[in-house]
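Novice: Have a look at this prediction, sequence included:
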Amino acid sequence: MMREVDEAGEPRFFGAVEAGGTKFVCAIGDATGKIHAETRFATADPVATLSAMRAFLEERSRALGGLAAIGVGSFGPVELDRARPRYGFIGDTPKPGWSHTDIAGPLARQFSCPIGFDTDVNAAALAEHRWGAAQDARNLVYVTVGTGIGGGALVNGAAIHGLMHPEIGHIYPRRHPLDAGFAGACPFHGDCLEGLASGPAILARSGTSLEHLEAQHPQWEIEADYLGQLCAQLVLTLSPDRIVMGGGVMSQTRLLPLIRERMTHWLGGYIDRDEIRSGADRYVVAPALGTRVGVLGALALAIDAAS
């Protein structure tokens, strides 16, 4: 069972790092999910960024008597197999200069404590399961739609790890009839889901972001259809109890009802469950933790690593 205090009865503190491709958020928190100190800075080159990360954790933890564990939710792809020599590394990523960067190793050596390391989306799924919109769901998927598209999946409360980790942003949806001429924006696959429905794909196709397009613009229909296909595929493959959809693109609140409608369309009546037929508004939901989901996910990884 997780202890909220150490053997002397003092509160335990945990380091948390949301390692994003755009920004890093570093924090010190406790087992209740309360954040006691936090900083954020733009993601620069690996040396400067990781030095700033370690300096914050070192400075802020010194007065607390050290950290029980540190959790890192990282952009990817990442190596999650502890038996492999590059465990804790970022793999081949489109983020310039970050491929094959070791994140977990230097933290373990400097702080001599357990390190919880996972994808940013698996961490976000864990946070929503523990403190957010999926507390009553044993099995869930957290999807982020922004600069990229990613998904983290929990089964019985534990993140899915296998050959690597889920990369649902790179599946191939059926092309929408209004989108036949768009080549896609993914540097690896062209017209995979990320290449068709991410923020950069919307910009490349329409010349602006979704928030600046009128409600009648076909981009709304195209975006909802692709993300509705994703949700239908998740229902049919992972059968989650809930799907939580976050990220910058999903901040446009009128998009979520459109996605639910297209999910139902693509399922074609095959799934005869009330959650789909009449309860989709409670099945595909927005995050409850908002912009805090990433750092709270990292905190959850740290808490679990210390238990």
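Specialist: Ah, there it is.
Novice: pLDDT value on Gly9, please?
Specialist: Listed pLDDT for Gly9 reads 49.
Novice: quick one: Asp274 from Ala108, how far?
Specialist: Between Asp274 and Ala108 the computed distance is 47 Å (CB to CB, to the nearest Å). Every C-beta, even on glycine, is put in place using the N, C-alpha and C of the backbone.
Novice: tell me which residues in the lowest-mean-pLDDT helix or strand in the chain are buried?
Specialist: Each helix and strand of the chain was given a mean pLDDT (mean pLDDT, DSSP states H and E); the minimum falls on helix 274-277 at a mean of 88. The neighbour-count check on helix 274-277 (16 or more other CB atoms under 10 Å) flags Ile276 as buried.
Novice: Tell me which residues are up against it.
Specialist: 235, 263-264, 267, 282-283 (CB atoms under 8 Å, 6 or more residues apart in numbering).
Novice: distance between that helix and the chain's centre?
Specialist: Relative to its parent chain, helix 274-277 has a centroid offset of 25 Å by CA atoms, centre = their mean, to the nearest Å.
Novice: show me where pLDDT drops low in the stretch 1-150 of the chain?
Specialist: 1-11 (pLDDT under 70).
Novice: mind checking how far His161 is from Ser239?
Specialist: 18 Å.
Novice: Check what contacts stretch 182-195 and list those residues.
Specialist: 94, 148-149, 168-173, 175, 196, 198, 200-201, 204-205, 226, 229-230.
Novice: Same question for stretch 217-234.
Specialist: The contact list for stretch 217-234 (CB under 8 Å, 6+ apart) reads 141, 143, 145, 149, 151, 168, 171, 173-174, 176, 178-179, 193, 196-197, 202, 205-206, 210, 213, 240, 243, 245, 249, 254-255, 258-267, 284.
Novice: quick one on the thing from earlier: which two from the contacts of helix 274-277 end up farthest apart in space?
Specialist: Leu267 and Arg282 (16.1 Å; CB to CB).
Novice: Many thanks, have a good one.
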